[in-house]
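S.K.: A predicted structure for the sequence below; I have some questions about it.
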2 protein chains.
Amino acid sequence: MSQAHRVVIVGGGFGGLACARGLKRANVEVTVIDRRNFHLFQPLLYQVATGELSPANIASPIRSILQKQKNCQVLLGAVSGIDLETQSVHIDDRQIPFDSLVIATGSTHSYFGHEEWSEQAPGLKTIEDATEIRKRILYAFERANLATSEEERRAALTFVIVGAGPTGVELSGALSDVGHNMLSKEFRGGHPEELRIILCEGQPDPLGMYPPPLVKKSREELDRLGVELMTSSMVTDIQDDHVVVKHGDEENRIYTRTVIWAAGVRASSLGKIVADETGAETNRVGKILVNNNLSIGEHENLFVIGDLAFLKNEAGDPLPALAPVAMQQGSYVANLIKDRVSGNSGSSKPFHYRDRGSMAVIGRYAAIALVGKKKRQVSGIMAWFIWLFVHLMEITQFRNRLMVLFLWGWTYLTRDRSARLITGKLPRE
Amino acid sequence: MSQAHRVVIVGGGFGGLACARGLKRANVEVTVIDRRNFHLFQPLLYQVATGELSPANIASPIRSILQKQKNCQVLLGAVSGIDLETQSVHIDDRQIPFDSLVIATGSTHSYFGHEEWSEQAPGLKTIEDATEIRKRILYAFERANLATSEEERRAALTFVIVGAGPTGVELSGALSDVGHNMLSKEFRGGHPEELRIILCEGQPDPLGMYPPPLVKKSREELDRLGVELMTSSMVTDIQDDHVVVKHGDEENRIYTRTVIWAAGVRASSLGKIVADETGAETNRVGKILVNNNLSIGEHENLFVIGDLAFLKNEAGDPLPALAPVAMQQGSYVANLIKDRVSGNSGSSKPFHYRDRGSMAVIGRYAAIALVGKKKRQVSGIMAWFIWLFVHLMEITQFRNRLMVLFLWGWTYLTRDRSARLITGKLPRE
């Protein structure tokens, strides 16, 4: 009896899980390897950062998700090397052999060479990032409450968010809502009128990937929420008690105790290992250039999918770093492997991304969206409901879907936010 | 206009909150000070440790709880000193003046002079303790899954819980349930038959505060759950890869990777500050001996309530460290202060604990309980339902009550445990 074809998938995000599930009925042995024991629904991570949802509401153990899939096993571990000669990946001192390898470890945030800023300005990629940011936000309100001078209080109530892409916009909108609400209802002398949320963007516009009418809408919504938008503005320094923002020739010092980084991304660290071992080309942020069937160079059984892969669409534009792209790529590679295993090598069509639209939420009942193939522009409460519906449908597990629906309903009806816990070590003065 | 009487309450646990709420309609200014921004429902903490509930399900921000109470403000901070001369408490460099002071900071765990064990054997008192234990438990299963030798796997699947009081018994029962379930359903080759849960107790019996028939029941239930009970057994050493247990003259070495401390308690650190400043007597674990109206020595406006207070009942037995005791003491002191403020000094009856019973849960559908004034003994599924009902009724906030009911229903119907996230830093080899 010949051994079944072994597929090793590194990364249990949207791409990796889609690939594993796509192989459900195939005659293969699937191994999913991840450093974490859970899949994270990243589009809602900002709601953990603002205390609207708990970590468990947007994360599900990978073992639970794949529990019923008989041909699949899950390993917890960090891949430290890839060995093409023995066709295996390394976890610590263990070797896991593969016949096909799918790398789907995504991206992390980048400080554009200013790694020293990571302490003062945490980014938002992991559950730990989100609970750290939640702690800093909530602690800033407490610090303002304890402040003995107006200066100190104003600095504590000033928040700077760097980067006005979807994450930065979502965060500032939610922070405005949470902040005004808490300061007026839960603090005696909370000074909600002193709350400043400054959203800083190097480009001329927020959400620059959207068409001008939607960008205009998002500017209006941010304004309505009291978010101060500084475009064409670069952050040039971040210290414990202030940031420096450069706009043209003018440099401004903003006194703040809370800075959140929502600017650059770069490839996850496995990217470099893959590039070194395979000789694959990478782009400027370390993403791996893949063939149009998502394999790397001459290595027909090595695939890179999701945020770690760099691929252009038919029009020559790079594919966006979105969950639907990763999921479609995961399914595509699963089908390719199935075809190869069953000896059906006819279906060698290149990967094609079916763009069903994209959206960004701005605040309560406000979002912008491009819907469907025709990219119809929608904004306001209608876009918000589309956003809500799409995200609820996408949440991986049934239980979490119910739970998130329940929590959202509750939160929006009552503005109650019980997930607002300051956990971990408290910051020192 | 004379200033309102200022009541400062240190600690937002069961006792502190009951006191604050008892002063709701009084002509006083209440300040609640806590190091954490949330109230913790400690009786369910063990369910966070086993991944059945999330931190936010058993914790509520103190600000939310007291949001509607107009005469109450909340301060986040650690009290570093008490100054009787100026009648104020210190938070960092701030002084908070009081007319009445209520100390309700509870207890923490004690290693009986073996503080070096805290690293290998975390206790279960805080949310961080619970997520740390959850991480260790889940990581142990993953370690067993990755083990390259049977020895290594068996050590990873051996859990030692020190102390068979309510916490130790609850933890071992829940761990047995979670462990057998996960190993058989979610791991390929999970070896549930190798799972060992050893519950170690220095006394001759588990749950020794209960009458013999209930102790017998709890032994039977633990046995049914496969928990290995070692009574009259002292832990004499804890290392990274083993513990040493002494039973009579016999010393046994147990190879294990996960040890949980559920043995001793001692007074919280504010206890020493209070004792030093007031000259109050303390018992052997640092609890403060209080007068029968819960004040300290000659200090009529200084009160200690809850776990930090040491007081005997009419029969000469120390009051148990239970939430109902703390809550009744909080209400008692609130009434005392109200009477004094309104000049009604007649009601100087000593504090009397109305014992409505107590209970301990052992596992799924199994508990023991003493119910009502007559202390009727109940065990098995009936006691479990009483336990469930009482805890649901006691959970502080409406939202959490609904949420916990929903989660429990779901968990018990499906055995799904989505809160099983390994967060924080992963342990090194």
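M.R.: That came through fine.

S.K.: burial measure for the one residue in the stretch 151-300 of chain A that gets nearest to chain B, as a count.
M.R.: Here the residue of the stretch 151-300 of chain A nearest chain B is residue A:186; by Cβ to the nearest Cβ that distance is 4.1 Å. For the C-beta atoms, the positions are set from N, CA and C on the backbone; glycine is no exception. Residues lying near residue A:186 (other Cβ atoms under 10 Å in any protein chain shown) number 20.

S.K.: what's the answer for the one 3 residues further on, then?
M.R.: The criterion is other Cβ under 10 Å. On that basis, residue A:189 has 9 neighbouring residues.

S.K.: now it. Nearest residue, chain neighbours left out?
M.R.: Among residues not flanking residue A:189 along the chain, residue A:145 sits closest, at 7.8 Å (Cβ to Cβ, 6 or more residues apart in numbering or on different chains).

S.K.: look at the one you found and tell me its secondary structure.
M.R.: For residue A:145, the assignment made with DSSP: H, G, I helix; E, B strand; the rest coil gives helix.

S.K.: distance of it relative to residue A:373?
M.R.: To residue A:373, residue A:145 is 51 Å away according to Cβ to Cβ, to the nearest Å.

S.K.: ok, the two, which is more surrounded?
M.R.: residue A:145 (23 against 9).

S.K.: the helices in the stretch 251-400 of chain A, which residues?
M.R.: A:270-278, A:323-341, A:381-394, A:398-414 (DSSP state H, counting those that start in this stretch).

S.K.: ok, residue A:89 - contacts?
M.R.: Residues in contact with residue A:89 (Cβ atoms under 8 Å, 6 or more residues apart in numbering or on different chains) are A:8, A:10, A:33, A:79, A:81-83, A:95-96, A:98, A:101.

S.K.: quick one: it from chain B, how far?
M.R.: Per Cβ to the nearest Cβ, to the nearest Å, residue A:89 is found 14 Å from chain B.

S.K.: okay, and the beta partners of that residue?
M.R.: residue A:82, residue A:96 (DSSP bridges).

S.K.: and the pLDDT at it?
M.R.: At residue A:89, the model reports a pLDDT of 97.

S.K.: go on, residue A:255?
M.R.: 97.

S.K.: hey, what's it bridged with?
M.R.: Beta bridges link residue A:255 to residue A:242, judged by DSSP bridges.

S.K.: what's the burial count for it?
M.R.: Residues near residue A:255, counting by other Cβ under 10 Å: 16.

S.K.: can you map out the strands along the stretch 151-300 of chain A?
M.R.: Using DSSP state E, counting those that start in this stretch, the strands found in the stretch 151-300 of chain A span residues A:158-162, A:196-200, A:227-230, A:233-238, A:242-247, A:250-255, A:258-261, A:264-267, A:288-289, A:295-296, A:299-304.

S.K.: the residue of the stretch 151-300 of chain A closest to chain B: what's it in contact with?
M.R.: Per Cβ under 8 Å, 6+ apart, neighbours of residue A:186: B:61, B:63-64, B:67, B:74.

S.K.: for it, grab phi and psi.
M.R.: Note on residue A:186: backbone dihedrals following degrees, to the nearest 10 are phi -110, psi -10.

S.K.: in terms of contact, does residue A:18 touch residue A:330 like I think?
M.R.: Yes. Residue A:18 is within contact range of residue A:330, at 3.0 Å (criterion: Cβ atoms under 8 Å).

S.K.: confidence-wise, which of the strands of the stretch 151-300 of chain A is weakest overall?
M.R.: Among the strands of the stretch 151-300 of chain A, strand A:264-267 carries the lowest mean pLDDT, a mean of 90.

S.K.: who's in contact with it?
M.R.: Strand A:264-267 is contacted by residues A:107-112, A:163, A:282, A:285-288, A:307-308, A:321 when judged by Cβ under 8 Å, 6+ apart.

S.K.: roughly how far apart are residue A:376 and chain B?
M.R.: 36 Å.

S.K.: that residue: what's its closest spatial neighbour, skipping adjacent residues?
M.R.: The nearest residue in space to residue A:376 (Cβ to Cβ, 6+ apart) is residue A:370, at 7.1 Å.

S.K.: surely that neighbour meets residue A:383?
M.R.: No. Contact criterion Cβ under 8 Å: residue A:370 and residue A:383 do not qualify, at 9.5 Å.

S.K.: neighbour count winner among the two?
M.R.: residue A:383 (24 against 20).

S.K.: relative to residue A:223, how far out is that one?
M.R.: Taking Cβ to Cβ, one finds residue A:383 at 17 Å from residue A:223.

S.K.: before we move on, what about residue A:293?
M.R.: 46 Å.

S.K.: and the two? Which one has more around it.
M.R.: residue A:293 (14 against 11).

S.K.: got phi/psi on that one?
M.R.: phi -110, psi 20.

S.K.: just checking, the residue nearest to residue A:189 touches residue A:191?
M.R.: No. In this structure, residue A:145 is not within contact of residue A:191 by Cβ under 8 Å, at 9.1 Å.

S.K.: elements contacting the helix or strand where residue A:64 lies?
M.R.: Secondary structure from DSSP states H and E places residue A:64 in helix A:62-66. Helices and strands touching helix A:62-66, by 3 or more Cβ pairs under 8 Å, 6 or more residues apart in numbering or on different chains; DSSP states H and E, are helix A:14-22, strand A:28-34, strand A:38-40, strand A:72-76.

S.K.: starting from the shortest one, tell me which strands it pairs with and how they run.
M.R.: Applying DSSP bridges, strand A:38-40 is found paired with strand A:59-61 (antiparallel).

S.K.: got the contact list for residue A:156?
M.R.: Residue A:156 neighbours (Cβ under 8 Å, 6+ apart): A:140-141, A:143-144, A:147, A:257-258.

S.K.: and chain B, which of those reach it?
M.R.: Filtering those for proximity to chain B by Cβ under 8 Å from any Cβ of the partner chain leaves nothing.

S.K.: just among those residues, which is most surrounded?
M.R.: The residue in these with the most neighbours, by other Cβ under 10 Å, is residue A:141 (25 neighbours).

S.K.: so that residue makes contact with residue A:187?
M.R.: Yes. With contact defined as Cβ under 8 Å, residue A:141 counts as touching residue A:187 (6.9 Å).

S.K.: grab the nearest non-local neighbour of residue A:314.
M.R.: Take residue A:314 and drop its neighbours on the chain: the residue closest to it by Cβ to Cβ, 6+ apart is residue A:352, 7.7 Å away.

S.K.: got it, and residue A:254?
M.R.: Among residues not flanking residue A:254 along the chain, residue A:243 sits closest, at 5.3 Å (Cβ to Cβ, 6+ apart).

S.K.: just for the stretch 301-429 of chain A, where's the confidence low?
M.R.: A:345-347, A:394-418, A:425-429 (pLDDT under 70).

S.K.: so which bits of the stretch 51-200 of chain A are right by chain B?
M.R.: Within reach of chain B by Cβ under 8 Å from any Cβ, the stretch 51-200 of chain A has these residues: A:54-57, A:59-61, A:63-64, A:67, A:73-77, A:91-92, A:94, A:127-128, A:131, A:138-139, A:142, A:145-146, A:148, A:182, A:185-188.

S.K.: ok, of those residues, which come out buried?
M.R.: A:54-57, A:59-61, A:63-64, A:67, A:73-77, A:91, A:127, A:131, A:138-139, A:142, A:145-146, A:182, A:186-187 (16 or more other Cβ atoms under 10 Å in any protein chain shown).
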